[in-house]
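Colleague: Sequence and computational prediction follow.
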Amino acid sequence: MKKSTPRRQFILQSGALLGAGLLANPFSGWASPIQKSWTVGEIMDLFISQVPKAPFAQTVDTIKIGSRDTVVTGIVTTMFPSIAIIKKAVELKANLIIPHEPTFYSGQDETDYLQNDPVFRGKYDLLAKHQLTIWRNHDYVHRMQDDGVRIGVVEELGWKDYYSPGSPILQIPSTNLKAVIDHIKTRMQVPAMRYVGDLNQSVSKVLLLPGAVGGKPQITRIQEHRPDVLICGESNEWETPEYVKTANELGMKLSMVEIGHSASEEGGSEFVKNWLQIHVPGVPVYHIPSGNSLSVY
Ligand SMILES: [Zn+2]
């Protein structure tokens with residue numbers, strides 16, 4: 001199960017899985033040296049055009065700062081646009097950041113209550129000073145013909161042989177919970193993870209739910225699929241972990257692993273980077289993992 005492919009190589013291989021929900025790029029056939037320049041809006045519209053039933057009337061995927069009309073000099077994809085990521089983008093002369101998650105600390109990126117907050121101002125003013133644009137891509141990448149984040153994560157875990165498009169269930173070669181955790185640690189460069197269950201428990205049926213889909217959706221999926229283990233990004237301690245603990249107390253075979261939100265979906269930012277490299281030629285694109293804000297000690 002454990003493959004030795006390092007993360008960098010994974011970047012090169014990911015193109016193979018980019019078929020999900022793609023249409024031909026009208027510009028990809030241009031072999032002339034005249035490169036088309038791209039605005040933020042054109043890139044957004046092209047991505048959105050690949051998503052069934054898009055654009056959505058309700059979405060968190062809005063521009064958080066900057067403008068649709070900005071001509072893009074380079075793009076950074078990431079999970080969270082931290083100060084480190086912003087500085088890196090400036091260094092790379094990339095004026096568009098496409099994060100998967102909020103910029104300003106809440107689902108809708110509400111900023112009214114933060115206007116005089118020194119933390120908010122520090123970040124906002126830095127973005128404004130460098131004339132960066134941030135477009136969140138969360139709903140659209142998740143709702144491609146097959147979830148682009150899940151495809152990226154499966155690829156990062158080296159589990160694409162065990163993946164059926166559209167399904168959160170992976171049937172991996174039989175192993176135990178400890179080995180699964182070690183595998184994730186290595187592949188995703190996560191120093192430690194929290195789990196519920198017995199490290200010696202046998203595992204082959206994996207329910208993979210990156211990010212934080214919520215307690216009830218996690219438990220509903222467990223009911224639906226009866227997996228050996230739920231692998232997720234995070235969960236409220238009083239919800240799914242308690243449910244899994246109860247299952248163990250009753251002698252049932254079930255465990256869960258929390259990778260951490262950021263690492264659990266970072267493969268999705270790699271997916272978006274690869275997509276952009278194919279469909280938005282001539283614009284440099286970088287994926288920079290933003291890491292977990294919480295350290296372990
Ligand atoms: Zn997500």
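Modeller: Everything's here; your move.
Colleague: Regarding the closest residue to the ion within the stretch 101-250 of the chain, which helix or strand does it belong to?
Modeller: Residue of the stretch 101-250 of the chain nearest the ion, by CB to the ion: Gly211 (4.0 Å). Where you see a C-beta, it was placed from the backbone N, CA and C, and this is true even at glycine. Assigned by DSSP states H and E, Gly211 falls within no helix or strand.
Colleague: That one contacts Ala263, doesn't it?
Modeller: No. At 10.6 Å, Gly211 does not count as touching Ala263 under the criterion of CB atoms under 8 Å.
Colleague: Determine the number of other residues adjacent to Cys119.
Modeller: If you look again at residue 119, you'll see it is Val, not Cys. Neighbours of Val119 under the rule other CB atoms under 10 Å: 10.
Colleague: residues shared between the contacts of Gly211 and Ala263?
Modeller: Gly233 (CB atoms under 8 Å, 6 or more residues apart in numbering).
Colleague: Compare the two and say which is more crowded by neighbours.
Modeller: Ala263 (25 against 22).
Colleague: What does the pLDDT read for the more buried one?
Modeller: With respect to pLDDT, Ala263 scores 96.
Colleague: Okay, buried residues for the helix or strand hosting it please.
Modeller: Per DSSP H and E, Ala263 falls inside helix 261-279. Buried positions in helix 261-279, judged by neighbour count with 16 or more other CB atoms under 10 Å: 261-277, 279.
Colleague: immediately after the helix or strand of the chain with the lowest mean pLDDT, which helix or strand?
Modeller: Using mean pLDDT, DSSP states H and E, helix 7-13 stands out as the lowest-scoring helix or strand of the chain, at a mean of 40. Downstream of helix 7-13, the first helix or strand assigned by DSSP H and E is helix 40-49.
Colleague: This protein: helices as residue ranges?
Modeller: Ranges of helices within the chain are 7-13, 40-49, 83-91, 118-129, 139-142, 148-156, 177-188, 215-225, 240-249, 261-279, based on DSSP state H.
Colleague: His100: which of the ones you listed is closest?
Modeller: helix 261-279 (5.7 Å; CB to CB).
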